[in-house]
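In: Here is a sequence together with a model predicted from it:
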Amino acid sequence: MADHPNADYGSGRNVWFKGLSSRLLILTIAFVMLSEVLIYAPSVSRYRKDYLEDRIASAHLATLALESLKDQNVTADLRKKLLDQTGTYAIVLRLEKRRVLVVGPEELPQVDAAFDLRVPGFFGWIADAFATLSQDENRVLRVLGPSPKDPEILVEVVLDEWPMRDEMLDYSWRILGLSILISMITAGLVFLSLQSLMVGPMRRITQSMMSFRDNPEDLDNVMPISKRADEIGQAQRELARMQKELRLALRQRQHLAALGAAVTKISHDLRNSLTTAMLVSDRLSGSEDPDVKRVLPRLFTAIDKAVDLCSQTLNFAREGALQISPSRFNLHQLVAEVASALGSDGEGGVSSAGVTWDNQVESEMVIEADRGQLFRAVDNLCRNAVQAGADQILISASTRLDRVCIDISDNGPGLPPQARDNLFTPFFGTTKKSGTGLGLVIVREILRAHGGDVMLAKSDEAGTTFILDLPDRIRLAARTDG
C-alpha cells in the first residue's frame, strides 16, 4: 500500500524540519544576524576611533606630566615609561607658539600609514576599521587629532596597529556572541509565538481536513468553532461551516440515490405493467360499446404519458458519464431537422401544431460537436417551449471570441420563480404536472460534456430565452494550425 503524501505530516515525522515554524525560526536567526552585521560595521569603526582618541588623550596627559617637571632633569627612562604607558613611540604636542616632542631613546620606526581624526567620513571610518581587521602584519601609524582636554591643542602620536587590532577582534567576538544570543532568544520567542498563534491552529485545521476527507460522514470529527477574530479564526469557522454543509449535502445525495434506485425499480415494474395495459387497451379499441369508445382516448393518453415518464426516468438513471463523438456539420440543417421533428417543414413557417418557427442560423454555418447529442439538447428545449404553451420559436447562432452561442427564444408564459430556482435539479425543474424535470438536466449534461453550458438568459411574460454555449473547436483548431 503506497504511503499517503501527507503521512509524515499526520504522524509527526520530520515535521520540525519541514514545518513552517522551523523555517521561520531559521529565517528569524538569519535576519537578526544580518541586522547585527549592519549594526556591527559602524560599531567596530566607532570602537577604533574611540581607541585612537583614547591614545590621543593619554598622550596629552603624558606631555602635561613632563611639562610639570621641566625644571627638573627628565631622564630617558622616565620618557620611556610615559611612552609605554600611552602605547606610543613618540608624542608631538602642537601648541600655539611652541611644539613639544616626546620620543623614546630608540630611533622612530618607519610610519606605514597616517590618519587625521579631524577628517569626517562615516564610510571612510568603516573602511579603515575593516582594513585594520584584515591586516596580517603589524603597521606603524601616525595619528593626528585634537586633545579632548583642549580642542585648540593638536596631538600627534606614533603607535603600533597590532594592539588596536587585537582589541577590535576581542570586541568583534563579544559582539558575535551577543548577536547569537539575541538571535536565538528572538527566534525562540518568534517560534513559540508562531506555534501558538499560527502553526498549531493551522495544523489542527489541516488535520481536520484530512480526517474529513478520510471519513466525511463521521459526526464526531467536527472542527470546533473558533472565537478568534483574525484570519485563522475566520478560516476555522468557514471550514466548520463547509464541513457541516457538505455532510448535509452528502446525506441528501445518499437519500436521493436510494430514492433513485427505488424509483428506477418501480418505474421498470410499472412500465412492464403499462405494457400489459396497452395490449389490453388495443383489444378494447375494437369494442362497439359507446362508453368504452368515449373513455378509450383518455386511457390511451394516460398510458402514453405514464410510459413516457417511466422511460425518461429509466434512461436518466441508466446513463453514465456522457460520451461525445465530435464531427463537423451544418448547424442550420440541424435546427431545421429539430423543427421538422416537431411538425414544421424545417425551414420556418407554421407547423402542424400551430407553432411558428424562425430558423435564423446562417445557412453556411458549420460547427464541430456531437451532432446527435446537440440535436437532443435543442429538441428538448424546443419541446419544453411548445409544451409550456409557446406558439413562436426563434433560433439563432453567433460566434463570440472562441465560443459558439445558440439562442433559443419562445413567446411562452415564462418560468415561475420556483422553476427558475430548481431549473437544473432532477425531478424539480418542471412546470408541467406530467413532466419529470429531466429535460434541462440532460441539456446541461450534454453541453458540459462538450466543454460548454446552458444558461437562462431571460424568462418573463414576453417569453423565455436559453443560450447554448459551446467552444468553437473549428476556430481553435485553425488557430493552433496557424
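Out: Everything's here; your move.

In: Now tell me which helix or strand of this protein has the poorest mean pLDDT.
Out: Sorting the helices and strands of the chain by mean pLDDT, DSSP states H and E puts helix 7-11 at the bottom, at a mean of 46.

In: got a list of what the residue lying closest to Leu415 once chain neighbours are set aside touches?
Out: Taking CB to CB, 6 or more residues apart in numbering, and ignoring the residues beside it in sequence, Leu415 has Ser459 as its nearest neighbour in space, at 4.4 Å. For glycine as for every other residue, the C-beta is placed from the backbone atoms N, C-alpha and C. Residues near Ser459 by CB atoms under 8 Å, 6 or more residues apart in numbering: 414-415, 420, 465.

In: please redo it, this time with the cut-off set to 10 Å
Out: Taking CB atoms under 10 Å, 6 or more residues apart in numbering, we find Ser459 in contact with 410, 412-417, 419-420, 423, 465-466.

In: Ok, Gly451 next?
Out: 324, 369, 403, 469-471, 473.

In: In those, find the pair that's most separated.
Out: Spanning the widest gap among the contacts of Gly451 are Ile324 and Arg403, at 16.9 Å by CB to CB.

In: my hunch is that Tyr171 is in a helix, does that hold up?
Out: Yes - judged by DSSP: H, G, I helix; E, B strand; the rest coil, Tyr171 forms part of a helix.

In: How about it, nearest residue that isn't a chain neighbour?
Out: Excluding its sequence neighbours, the residue lying closest to Tyr171 (CB to CB, 6+ apart) is Tyr47, at 5.2 Å.

In: Number of residues surrounding the nearest residue to Ala388 once chain neighbours are set aside?
Out: Spatial nearest neighbour of Ala388, chain neighbours left out: Gly412 (4.5 Å); criterion: CB to CB, 6+ apart. For Gly412, the neighbour count with other CB atoms under 10 Å is 22.

In: same thing with Arg371?
Out: Around Arg371 there are 20 residues (other CB under 10 Å).

In: Which positions in the helix or strand in which Ala131 is found come out as buried?
Out: Per DSSP states H and E: Ala131 is located in helix 122-133. Burial within helix 122-133, assessed by neighbour count using 16 or more other CB atoms under 10 Å, is assigned to 125-126, 128-129, 132.

In: cool, and stretch 393-408?
Out: 393-395, 397, 404-408.

In: Among the residues you listed, which ones are in strands?
Out: Among those, DSSP state E puts 393-395, 397, 404-408 in strands.

In: Now render those residues as JSON lines, adding pLDDT and distance to Ser193.
Out: Shown next, in JSON lines, are these (pLDDT from 0 to 100; distance: CB to CB, whole Å):
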{"residue": "Ile393", "pLDDT": "94", "distance to Ser193": "68"}
{"residue": "Leu394", "pLDDT": "94", "distance to Ser193": "67"}
{"residue": "Ile395", "pLDDT": "95", "distance to Ser193": "65"}
{"residue": "Ala397", "pLDDT": "95", "distance to Ser193": "62"}
{"residue": "Val404", "pLDDT": "94", "distance to Ser193": "57"}
{"residue": "Cys405", "pLDDT": "95", "distance to Ser193": "55"}
{"residue": "Ile406", "pLDDT": "96", "distance to Ser193": "59"}
{"residue": "Asp407", "pLDDT": "96", "distance to Ser193": "59"}
{"residue": "Ile408", "pLDDT": "96", "distance to Ser193": "61"}
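
In: can you put the residues you listed in TSV and add distance to Arg328?
Out: Formatted as TSV, these follow (distance: CB to CB, whole Å):
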residue	distance to Arg328
Ile393	25
Leu394	25
Ile395	19
Ala397	15
Val404	12
Cys405	18
Ile406	16
Asp407	21
Ile408	22
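
In: These: which two are farthest apart?
Out: So, these by CB to CB: farthest apart are Ile393 and Val404, at 19.2 Å.

In: Can you pull out the low-pLDDT segments for the stretch 301-450 of the chain?
Out: Counting by pLDDT under 70, the stretch 301-450 of the chain contains low-confidence residues at 301-322, 344-353, 426-438.

In: All the helices of it, in order from the start?
Out: With helices called from DSSP state H, counting those that start in this stretch, the stretch 301-450 of the chain shows them at 331-341, 371-388, 417-421, 439-449.

In: What residues sit buried inside the shortest one?
Out: To tie it back to what came earlier, the one meant is helix 417-421. Neighbour counts over helix 417-421 (16+ other CB under 10 Å) mark Ala419 as buried.

In: Let's see stretch 326-344 as PDB, backbone CA atoms only.
Out: C-alpha atoms of stretch 326-344 as PDB (Å, rounded to 0.1, in the frame of the first residue of the first chain):
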ATOM      1  CA  PRO A 326     -17.500  15.300 -32.300                       C
ATOM      2  CA  SER A 327     -17.900  15.800 -36.000                       C
ATOM      3  CA  ARG A 328     -18.400  18.800 -38.400                       C
ATOM      4  CA  PHE A 329     -21.900  19.500 -39.500                       C
ATOM      5  CA  ASN A 330     -24.200  22.300 -40.700                       C
ATOM      6  CA  LEU A 331     -25.900  23.900 -37.800                       C
ATOM      7  CA  HIS A 332     -28.700  25.400 -39.900                       C
ATOM      8  CA  GLN A 333     -29.700  21.900 -41.100                       C
ATOM      9  CA  LEU A 334     -29.700  20.500 -37.600                       C
ATOM     10  CA  VAL A 335     -32.100  23.200 -36.400                       C
ATOM     11  CA  ALA A 336     -34.300  22.500 -39.500                       C
ATOM     12  CA  GLU A 337     -34.400  18.800 -38.600                       C
ATOM     13  CA  VAL A 338     -35.500  19.700 -35.000                       C
ATOM     14  CA  ALA A 339     -38.300  21.900 -36.400                       C
ATOM     15  CA  SER A 340     -39.300  19.100 -38.800                       C
ATOM     16  CA  ALA A 341     -39.400  16.600 -35.900                       C
ATOM     17  CA  LEU A 342     -41.800  18.900 -34.100                       C
ATOM     18  CA  GLY A 343     -44.200  19.200 -37.100                       C
ATOM     19  CA  SER A 344     -42.600  22.000 -39.200                       C
END
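
In: Which positions in it come out as buried?
Out: With burial defined by 16+ other CB under 10 Å, the residues of stretch 326-344 counted as buried are 329-336, 338-339, 342, 344.

In: same check, this time on stretch 369-381
Out: 369-371, 373-375, 377-381.

In: roughly how far is that stretch from the heart of the chain?
Out: Remark: stretch 369-381 is offset 38 Å from the chain centroid, using CA atoms, centre = their mean, to the nearest Å.

In: The residue nearest to Tyr171 and Arg165 touch, don't they?
Out: No - Tyr47 lies out of contact with Arg165 (CB atoms under 10 Å); the separation is 11.3 Å.

In: Overlap in contacts, these two.
Out: Ala129.

In: Follow the chain on from the helix or strand harbouring Leu64 and name the next helix or strand.
Out: Secondary structure from DSSP H and E places Leu64 in helix 20-68. Going down the chain from helix 20-68, the next helix or strand is helix 76-86, by DSSP H and E.
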